[in-house]
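Novice: Sharing a model that was predicted from the sequence below.
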Amino acid sequence: MDKLSAADLTIDVGPTEAGQPLRVTWLGKSADRSPATILAPWFEKLLAEAKAGATVVEMHFERLEHFNSSTITALIRLIQNARNAGVRLVMVYDQNLKWQRLSFDALRVFEKGDDLFQLKAAQP
Amino acid sequence: MNPQSDEFSFIINLPVRNEWRNVDLLRTSVQNCFTAVFADLDGCHAVSMVTGELLENALKYGDWRAADPATVFRLRVVGGKGKVDVSVQNPIANELGGAGKLLQTLEWIASYPSAEAAYRARMLQIAQSEDPMEPSQLGLVRIAYEGNCALRASVDGAILTITATLEL
């Protein structure tokens, strides 16, 4: 899986090891007018690869500086698509940053207690 | 500096060219200005997030067919006595829906017991939407929830001004 680079945003994908989560790290800023145009096809490939390898996707946001509300919308659709594909998705955010705490805590409405979607608060 | 102090006051007031890249230029400029004044980094990020979302809204839903949008696209950030008003002014057109949708959104947010409840409800609506390219309309409710802001709008002819007030 290739990393995604677009304007000020980079999404890195760590090396995949058998039995380990696919580690995806967001860096920089996501402030595009229509981020779904770039993110949705990339997410589609990511989910296909995770499903093929029966791998958990662990998405890290701790080093992200900013995202706009259109990016949050793209993430909501990722959560839905991952659930529909039966791919386990974990989002990790920085509990010490108020904006991340507020943004990601709100996404707990999508936790259904079935382990398909999970939020983890990190304290780097 | 203590934001509750009488000496605490500032104004940023500038016309803006209607180019998307200016959103992040201004958002980060506001963040840097506030970081130079306050130790509260969370508060600085909140003001800059509100600025960015209001500017994005104006560019997405404003009427930019006019010859010189810089005369009517304006950002104001005014602070004093423990609060900050972030205002964005932009042209609107009746045939593009005017301010109707925005005013409806403000009423919809106010219909919930809290901004957090409205934000969660909007996220669930987005998740249930069939069209992945449908506009999310999440920006204003994000301002209300994450920015803990009171929102108000005014229309003067073909000019819309929306103001978000943050308590510091």
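Specialist: Done, it's in.
Novice: interface residues of chain A facing chain B?
Specialist: Contact residues (CB under 8 Å from any CB of the partner chain) of chain A with chain B: A:8, A:29, A:31, A:33, A:36, A:40, A:66, A:68-70, A:72-73, A:76-77, A:79-80, A:97-99, A:102-103, A:106-107, A:109-110. Where you see a C-beta, it was placed from the backbone N, CA and C, and this is true even at glycine.
Novice: Please work out which residues outside the strand ranked longest in chain A touch it.
Specialist: Of all segments of type strand in chain A, defined using DSSP state E, the longest is strand A:22-30. Residues outside strand A:22-30 that contact it (CB atoms under 8 Å, 6 or more residues apart in numbering or on different chains): A:1, A:7-14, A:16, A:39, A:46, A:49-50, A:53, A:55-61, A:63-68, A:71, B:24.
Novice: how does it look with 7 Å?
Specialist: Here strand A:22-30 makes contact (CB atoms under 7 Å, 6 or more residues apart in numbering or on different chains) with A:8-14, A:16, A:46, A:50, A:55-61, A:63-68, A:71, B:24.
Novice: Buried ones among these?
Specialist: The neighbour count (16 or more other CB atoms under 10 Å in any protein chain shown) marks A:9-11, A:13, A:46, A:50, A:55-61, A:64-68, A:71, B:24 as buried among the contacts of strand A:22-30.
Novice: Work out for me the element the residue nearest to the spatial centre of chain B sits within.
Specialist: Residue closest to the average C-alpha location in chain B (CA atoms, centre = their mean): residue B:54, at 2.6 Å. Using DSSP states H and E, the element containing residue B:54 is helix B:41-61.
Novice: that older thread, neighbouring strands - and their directions - for the longest strand of chain A?
Specialist: Here strand A:22-30 is paired, per DSSP bridges, with strand A:9-13 (antiparallel), strand A:57-60 (parallel), strand A:64-67 (parallel).
Novice: what stretches of chain B score poorly on pLDDT?
Specialist: B:1-4, B:6-7, B:67, B:69-70, B:96, B:132-133 (pLDDT under 70).
Novice: how about the residue lying farthest from the centre of it, secondary structure?
Specialist: Ranked by distance from the centre of chain B (CA atoms, centre = their mean), the top residue is residue B:130, with 27.2 Å. The three-state label given to residue B:130 by DSSP: H, G, I helix; E, B strand; the rest coil is coil.
Novice: Helices along chain A, start to end?
Specialist: Using DSSP state H, the helices of chain A run over residues A:35-52, A:69-85, A:98-106.
Novice: Would you mind measuring from the residue nearest in space to the middle of chain A to chain B?
Specialist: Compute the mean C-alpha point of chain A, and by CA atoms, centre = their mean the closest residue is residue A:59, 4.2 Å away. Relative to chain B, residue A:59 is positioned 17 Å away (CB to the nearest CB, to the nearest Å).
Novice: Next to chain A, which bits of chain B? Give me the list.
Specialist: B:20, B:23-24, B:42, B:45-46, B:49, B:52-53, B:56, B:119-120, B:123-124, B:126-127, B:132-133, B:136, B:138-139, B:142, B:146 (CB under 7 Å from any CB of the partner chain).
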